[in-house]
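got a sequence here, can you model it:
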Amino acid sequence: MLARSSVWPAPQRPWLVCIDLQRDHVVPGRPRYVARNADVASICAEVLGFARDEGWRIVHSQWREEDTTPWPRDLFHAPIEGLRPLISEPVFFRQGLSAFANPAFASELGQARGREVYLIGFSLADTCLATALAGVDAGLSLILVEDAVGAGSTPEAAAAARTVLRPFVRLAPSRRLMARLQAVS
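Below you'll find the predicted structure:
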């Protein structure tokens, strides 16, 4: 009789997409600064740390002005302290609104089909909204970690973005998300 080897499938780890975890959002006086962003950055650090500990696939998308100057051009475009990408976490730069404007990002996230993809970062009313909707169009199952996403411009714009996203993207607070995933592990 021939022996058969069993190959167990690799675990279906979730993905974490980190949008614009850049200093421009947390330094007072900068155009993208909003006072609450310091709290959001702290929650992003918790979610990012959790995802790293659990072995998730983590990718970063950062906005970069059209310019030939090497990155980072200044300290404000650099990652927020404590939220810097690890060497194993790819960083995709974009000049467009959605992270999917970068073809390499779109290709990378194509591998996430069939898995949960969590989204954290800044600019809910524009970049996060555009990225989430493009992700839905790409066939991804997206979950917006509500308290780990900076509202951006105004509370009204953030509320409108949540209203637009609600039919297409799951919304979850970070505490419930981490508690649920720890129970499953």
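
any stretches of the protein with poor pLDDT?
Within the chain, the stretches with pLDDT under 70 are 1-11, 26, 65-77, 79-80, 152-153, 180-185.

in it, where's the longest helix?
Longest helix of the chain, by residue count under DSSP state H: helix 37-54.

make sure residue 52 is actually in contact with residue 86.
Yes. Counting by C-beta atoms under 8 Å, residue 86 is a contact partner of residue 52 at 7.3 Å. All C-beta spots, glycine's among them, are computed from the backbone N, C-alpha and C.

give me the more crowded residue out of the two.
Ranked by neighbour count (other C-beta atoms under 10 Å), residue 52 and residue 86 place residue 52 first, with 14 against 9.

helix or strand: which one has the spatially closest residue to the more buried one that is not a sequence neighbour?
Spatial nearest neighbour of residue 52, chain neighbours left out: residue 58 (6.8 Å); criterion: C-beta to C-beta, 6 or more residues apart in numbering. When elements are assigned from DSSP states H and E, residue 58 belongs to strand 57-63.

which other helices and strands contact the longest helix of the chain?
On a contact count with 3 or more C-beta pairs under 8 Å, 6 or more residues apart in numbering; DSSP states H and E, helix 37-54 meets strand 15-19, strand 57-63, strand 116-121, strand 141-149, helix 174-184.

as CSV, those with distance to residue 94 would be great.
Shown next, in CSV, are the helices and strands packed on helix 37-54 (distance: least, C-beta to C-beta, whole Å):
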stretch, distance to residue 94
strand 15-19, 10
strand 57-63, 6
strand 116-121, 12
strand 141-149, 17
helix 174-184, 25
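
hmm, back to that, direction included, what does whichever helix or strand comes after the strand holding residue 58 pair against?
As assigned by DSSP H and E, the chain's next helix or strand after strand 57-63 is strand 91-94. Its sheet considered, strand 91-94 pairs with strand 57-63 (parallel) by DSSP bridges.
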